[in-house]
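Chemist: This is a predicted model, with the sequence first.
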Amino acid sequence: MNNNKTKIWALIPAAGIGTRMKSELPKQYLEIDGKTILEHSLSKFLEHPSIDKVVVALHPNDNHWAKIKIANHSKIITVEGGATRAESVLNGLKAIQQQHQQDDWVMVHDAARPCLDAGSIDALIQAGKESKHGAILAIPSVDTVKLANANQTIDKTLNREQIWLAQTPQYFPVQILADAIETGLEQGLAITDEASAIEAQGMHPALVIGTRKNIKVTQPEDMMLASVWLAGM
Ligand SMILES: Nc1ccn([C@@H]2O[C@H](COP(=O)(O)OP(=O)(O)OP(=O)(O)O)[C@@H](O)[C@H]2O)c(=O)n1
Ligand SMILES: C[C@](O)(CO)[C@H](O)COP(=O)(O)O
């Protein structure tokens, strides 16, 4: 347990339907090595001594959650997800706000990233002590990056020294993140991760180097990669 007064919450948006995975089940309920992807993702937070509670946002028509063993875990609270990832996260934040203390922080992590390692959670917590605008896991681009024109020709090559690919977890003070997402949604901004809502408010979250193993299972071929990484954990 986190012994400071400040609590660290985990928030797992798991209300997507996995269109790009083209599977019968929503991808978070596909199994790797006898456990669902969602269970793999949740276990990283349930087993981490600094995480106090875990909020999971579920699809309103989810009829799979109740069947998995972890559903009864005493650290887990569930909420109904929304039509977009940002709305699911906001619903989770509202549930946290009913119980949180002023200085609590939240770590938002995609249900679809089952290969997170405990060291990355530690690194984010450390970065949060040094950045009042929060911190996210990300990896520097290893490829040359092109900016495209509308007709799929190359406009120009970007300086990849400045290009980082965002992952989750993304770690912020609860109140700051809830306000930023609420404002961003009201303004009609495209909020594809938590940091983009924070950036829109003029803040600059820290970038913490993650690992390439922390993939987001998105397309069918990602299942094999995730099972290889999980086997080595
Ligand atoms: N309305 C939504 C949409 C997505 N998510 C969650 O956000 C994470 C990242 O989203 P993504 O990988 O895009 O998942 P899906 O939306 O399920 O996939 P797709 O875009 O292929 O439909 C996933 O854990 C997903 O369950 C959510 O909680 N609520
Ligand atoms: C939050 C995220 O995983 C960071 O890379 C990503 O933005 C989610 O995007 P998606 O289109 O909802 O999969």
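Modeler: That came through, no problem. Ligands and ions are numbered 1, 2, ... in the order given.
Chemist: which residues of this structure score low on pLDDT?
Modeler: In the predicted model of the chain, residues 1-5 satisfy pLDDT under 70.
Chemist: Ligand 2 contacts on that one?
Modeler: 85, 110, 166, 167, 168, 192, 193, 216 (Cβ under 6 Å from any ligand atom). Using the backbone N, CA and C atoms, a C-beta is placed for each residue, glycine as well.
Chemist: Can you narrow these down to the ones near ligand 1?
Modeler: Contacts with ligand 1 within these, counted by Cβ under 6 Å from any ligand atom: 85, 110, 216.
Chemist: so where does the closest residue to the first one other than its chain neighbours fall, helix or strand?
Modeler: Leaving out its chain neighbours, the residue that sits closest to residue 85 by Cβ to Cβ, 6 or more residues apart in numbering is residue 13, at 5.3 Å. Taking DSSP states H and E as the criterion, the element that holds residue 13 is strand 8-14.
Chemist: That strand: which residues count as buried?
Modeler: For strand 8-14, burial by neighbour count (16 or more other Cβ atoms under 10 Å) applies to 8, 9, 10, 11, 12, 13, 14.
Chemist: neighbours of the closest residue to the fourth one other than its chain neighbours, just the number please.
Modeler: Counting by Cβ to Cβ, 6+ apart, residue 92 is the residue found nearest to residue 11 once chain neighbours are left out, at 4.3 Å. For residue 92, the neighbour count with other Cβ atoms under 10 Å is 30.
Chemist: Secondary structure class of residue 92, three-state.
Modeler: helix (DSSP: H, G, I helix; E, B strand; the rest coil).
Chemist: residues contacting it?
Modeler: Residues in contact with residue 92 (Cβ atoms under 8 Å, 6 or more residues apart in numbering) are 11, 12, 13, 55, 56, 57, 79, 108.
Chemist: now those as a markdown table including distance to ligand 1?
Modeler: A markdown table is the format used below for the contacts of residue 92 (distance: Cβ to the nearest ligand atom, whole Å):
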| residue | distance to ligand 1 |
| --- | --- |
| 11 | 10 |
| 12 | 7 |
| 13 | 3 |
| 55 | 11 |
| 56 | 9 |
| 57 | 5 |
| 79 | 10 |
| 108 | 9 |
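Chemist: Widest-spaced pair of these?
Modeler: Spanning the widest gap among these are 79 and 108, at 13.0 Å by Cβ to Cβ.
Chemist: How about the secondary structure of residue 120?
Modeler: Here residue 120 is helix, with the state taken from three-state DSSP.
Chemist: surely it meets residue 212?
Modeler: No - contact criterion Cβ atoms under 8 Å: residue 120 and residue 212 do not qualify, at 11.7 Å.
Chemist: With neighbour numbers in mind, choose between the two.
Modeler: Set residue 120 next to residue 212 and count neighbours by other Cβ under 10 Å: residue 120 wins out with 21 against 12.
Chemist: Using PDB, write down the CA coordinates of the strand holding residue 13.
Modeler: Extracted C-alpha coordinates of strand 8-14, given in PDB (Å, rounded to 0.1, in the frame of the first residue of the first chain):
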ATOM      1  CA  ILE A   8      -2.600   6.600  -6.300                       C
ATOM      2  CA  TRP A   9      -5.600   5.400  -8.300                       C
ATOM      3  CA  ALA A  10      -5.400   3.300 -11.500                       C
ATOM      4  CA  LEU A  11      -8.100   3.800 -14.100                       C
ATOM      5  CA  ILE A  12      -8.500   1.300 -16.900                       C
ATOM      6  CA  PRO A  13     -10.700   2.300 -19.800                       C
ATOM      7  CA  ALA A  14     -12.100  -1.100 -21.000                       C
END
